[in-house]
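> A structural model of the following input is requested.
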Amino acid sequence: MKKYDERDLEGLIEAHLIANGYKKSKGYDKEFCVDREIFFDFLQATQGDEIAELDKRVEGKWQERLLQKLSSEINERGLSAVLKSGLSIRGVKITLLYRKSDDSKNEALIERYKSNVLTVARQVHFSPKSNRWIW
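Model (predicted):
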């Protein structure tokens, strides 16, 4: 009988999540605790006009400004509050998640909800200065 270890369990969990709609993380950023590529792709796909306006207002540095604002808001208000309310940067409102609508006939709201992206990353390291993780 095969002996299973932690890696096997991680693999099972990851495979299950991916099979149920999660995306595999492409490049987790330890400093900002986000997968930059997937996050920025989500924002461009769902809020292209807002991102273009933000890019103008911050002179082409929208990604770094957004991550800095996201980090400071999460530290100040907490992750749940920031996800629910989104961000405002230089007068540009950025939505971070779309809630499920009670209105099953409103196709626009249904499509927005479906555009949410969840990712899974194995062995996330908690510090940008080391490769340590919490057991």
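> Can you get me a residue count around C33?
Residues lying near C33 (other C-beta atoms under 10 Å) number 16. C-betas here are computed from N, CA, C, even on glycine.
> swap in N131?
N131, neighbours per other C-beta under 10 Å, totals 9.
> repeat for L54
By other C-beta under 10 Å, neighbour count at L54 equals 23.
> residues in contact with stretch 30-46?
Stretch 30-46 has contacts (C-beta atoms under 8 Å, 6 or more residues apart in numbering) with 23, 25-29, 50-51, 63, 66-67, 70-71, 94-95, 98, 112, 115-117, 119, 121, 125-128.
> Stretch 109-124 now?
10, 13-14, 17-18, 21-25, 28, 35, 38, 41-42, 45-46, 97-101, 103-104, 133.
> Scan this protein for its longest helix.
Secondary structure of the chain per DSSP state H: the longest helix is helix 36-57.
> now that helix: how far from the chain's centre is it?
Chain-centre distance of helix 36-57: 13 Å, with C-alpha atoms, centre = their mean, to the nearest Å.
> Same check on stretch 119-126?
Distance, centroid of stretch 119-126 to centroid of chain: 12 Å (C-alpha atoms, centre = their mean).
> From the contact counts, what lies against the helix or strand bottoming out on mean pLDDT in the chain?
Lowest mean confidence among the helices and strands of the chain (mean pLDDT, DSSP states H and E): strand 28-29, at a mean of 86. If you count contacts as 3 or more C-beta pairs under 8 Å, 6 or more residues apart in numbering; DSSP states H and E, strand 28-29 packs onto strand 34-35.
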